[in-house]
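[1] sequence first, predicted model second:
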Amino acid sequence: MVDKLKISSLSSLVLGATMGYYGNFRAGAIFLGILAASVFISFFRVLAGGGGILIVPQRVRFFRVWGLHVISLCAGLVLGISVSGSIPRTLSLGLPGEKIIALQGTLLNDPRSLSSGSGMAYLELERSAGARGVRTSAKGKILVFFPERSIPALKEFGRGSGVYVEGSLGNQGDPLFRASAVHIYRPASALEQFRTGLRLELTRRFVKNRWGGMALALLLGIRDNLDTDLARGYREAGASHVLSLSGMHLAVISALIAFVLKRPLGLKASSLAGAVFIILYVFLVGSQPSLDRSLIMYLLGVLAVFGALPRDPASLLSLAFLVQIVWRNDSGMALSFILSYLALWGILCIGENIHELWRGKVPELVLSPLTASLGAFIATAAVSVYCFGELRPIGIAAGLFIVPLTTVFMIGALLWLALSFFIPVLTAPLGMGLSFLYRVLDALVSFSAKAPGLVRPNFPLVLALSLGLSALLLYLGARQRTLRSRLVPLP
């Protein structure tokens, strides 16, 4: 008989928070509240022996455990609904959209160049203007498309600077603004100016090399100089997540920090030093939902090192989800947030169960990355179909080669950057190695991209298969662990 899957009350809390955040199940919260009350009333009746009910230890434990799950689920629902309700969903322009000719506000992120030469960034609104000098206050954030001639100045002033844009709202009142003229009326703070200057300096150093655009995308999230054919190749090879800053990139950086600091400082001191470095790194790169998730998990991991939290990746992932939706209540609406959490959940839960089933049958060198890739693919398949209308199964196999080679490239690019500051003469031979690795990745990605994908598969079918396969793998994994634990070694 298979042991029951262990579900912690934290899992129930996260499930409730997810339901409340994305579904706003107020009626469900009321129903579960009534159910929780019923469970606890029954529980106390069992303890008191009322109604002729015998006090059976197993029955008491059932009510105690599942009552806690129901209460956790209800608490999660309330939390999710509260956080979801606090997200600013309305854009207040102060004037009818067709009468607006200008907007004023603060740049929320670093302007990004598009393939057309123009650029875009989000603007935190302060005022809007109409014809004949009419001005009024405005509130909310709006996506602004900037003309090509304004991009160099916008990048030089960077995030946090005050911008006045003239133009018009998008067609049919879409929440975007197409600027025809741009005026920078307020510089960013001194700290933001330092950050922008450092980003510009790093960009200047990397763009001199053919491989520099990829290094900037992997290390700083700047994709302006990335070869468009290579970026498309990564997407068609099912490996576009490799180019998007996420846990993989932060893991590489944190591993390097641990390698350098752990021996001289010790585990706890090096963890604290690493936390400071990671916070500074995320500040330099810029806040992104998937990167914020990795940062929160790293900081929670530091607490686990000090014994304040259990050293369980699944529990840390659950806590990170709760912290992030409370800290940045609108981040959960971003696709990168959803894919990031689903992918890591797939790796930790589905992938680990596949690993348990195949352990001893496949070499460990191949098994670990393969099961991680399979877990992430199964967990994110339905969302990929719903949002992109396609699936790229080739990414499962291609990732076995692309991910480790990209990791080596990242490490080499970081070393090259350090040498460019301290020992510039050594950058030439390392640059040759990076150039060769760049060509290898380009060829590998181009080859993998030729594999056909599944275009417009049936979403309900993919969702049902993903859920069914996930449940089956969780069951089989638990069964396999039970069988292994019952094996008695021969004397």
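    Nice, I can see it.

[2] contacting residues for Ile378?
    For Ile378, the contact set (C-beta atoms under 8 Å, 6 or more residues apart in numbering) comprises 346, 350, 466, 469-470, 473. From N, CA and C alone the C-beta is placed, and that goes for glycine too.

[3] of the residues you listed, closest to Ser118?
    Taking C-beta to C-beta as the measure, Gly346 is the one of the contacts of Ile378 closest to Ser118, at 36.5 Å.

[4] the closest one - how many residues pack around it?
    24 (other C-beta atoms under 10 Å).

[5] now list the buried members of the contacts of Ile378.
    346, 350, 466, 470, 473 (16 or more other C-beta atoms under 10 Å).

[6] return the closest of those residues with respect to Leu454.
    Lowest distance from Leu454 to those (C-beta to C-beta) belongs to Ser466, with 13.1 Å.

[7] and that closest one, how far from Asp330?
    To Asp330, Ser466 is 26 Å away according to C-beta to C-beta, to the nearest Å.

[8] where in this protein is pLDDT low?
    Scanning the chain for pLDDT under 70 picks out 1-8, 24-67, 171-174, 486-491.

[9] hmm, His241 and Ile402 touching each other?
    No: in this structure, Ile402 is not within contact of His241 by C-beta atoms under 8 Å, at 10.3 Å.

[10] and Leu143, what element?
    Element membership for Leu143 (DSSP states H and E) is strand 141-146.

[11] what do you get for Val165?
    Short version, using DSSP H and E: Val165 is in strand 162-169.

[12] check which helices and strands that strand sits against.
    Here strand 162-169 touches strand 100-107, strand 119-130, strand 141-146, strand 176-186, going by 3 or more C-beta pairs under 8 Å, 6 or more residues apart in numbering; DSSP states H and E.

[13] after the second one comes which helix or strand?
    To tie it back to what came earlier, the one meant is strand 119-130. Once the chain leaves strand 119-130, the next helix or strand it forms, by DSSP H and E, is strand 135-137.

[14] what's the answer for the first one, then?
    Note on strand 100-107: by DSSP H and E, the next helix or strand toward the C-terminus is strand 112-113.

[15] partner strands of that next one and their direction?
    Using DSSP bridges, strand 112-113 pairs in its sheet with strand 119-130 (antiparallel).

[16] could you export the strand it pairs with as PDB, CA atoms only?
    The C-alpha trace of strand 119-130 is given here as PDB (Å, rounded to 0.1, in the frame of the first residue of the first chain):
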ATOM      1  CA  GLY A 119      12.000  52.100 -27.800                       C
ATOM      2  CA  MET A 120       9.600  51.600 -24.900                       C
ATOM      3  CA  ALA A 121       9.300  51.900 -21.200                       C
ATOM      4  CA  TYR A 122       6.700  52.300 -18.500                       C
ATOM      5  CA  LEU A 123       5.800  55.700 -17.200                       C
ATOM      6  CA  GLU A 124       4.400  56.400 -13.700                       C
ATOM      7  CA  LEU A 125       1.900  59.200 -14.500                       C
ATOM      8  CA  GLU A 126       1.900  62.500 -12.700                       C
ATOM      9  CA  ARG A 127       0.000  64.800 -15.100                       C
ATOM     10  CA  SER A 128      -1.800  64.800 -18.400                       C
ATOM     11  CA  ALA A 129      -2.300  67.700 -20.900                       C
ATOM     12  CA  GLY A 130      -4.900  68.500 -23.500                       C
END
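
[17] where's it relative to the chain centroid, distance-wise?
    26 Å (C-alpha atoms, centre = their mean, to the nearest Å).

[18] cool, stretch 227-246 as well?
    Chain-centre distance of stretch 227-246: 16 Å, with C-alpha atoms, centre = their mean.

[19] list the buried residues in the helix or strand encompassing Ala381.
    Using DSSP H and E, Ala381 sits within helix 364-388. Using 16+ other C-beta under 10 Å as the test for burial, helix 364-388 gives 367, 369-385.

[20] tell me the helices and strands packed up against the following helix or strand past it.
    Proceeding N to C from helix 364-388, the next assigned helix or strand is strand 390-391, under DSSP H and E. Judged by 3+ C-beta pairs under 8 Å, 6+ apart, strand 390-391 is in contact with helix 364-388, strand 454-455.

[21] where's Arg135 relative to Arg127, distance?
    6 Å.

[22] with neighbour numbers in mind, choose between the two.
    More crowded of Arg135 and Arg127, by other C-beta under 10 Å: Arg127, with 16 against 13.

[23] what bridges to the more buried one?
    Beta bridges link Arg127 to Gln104, Ser137, judged by DSSP bridges.
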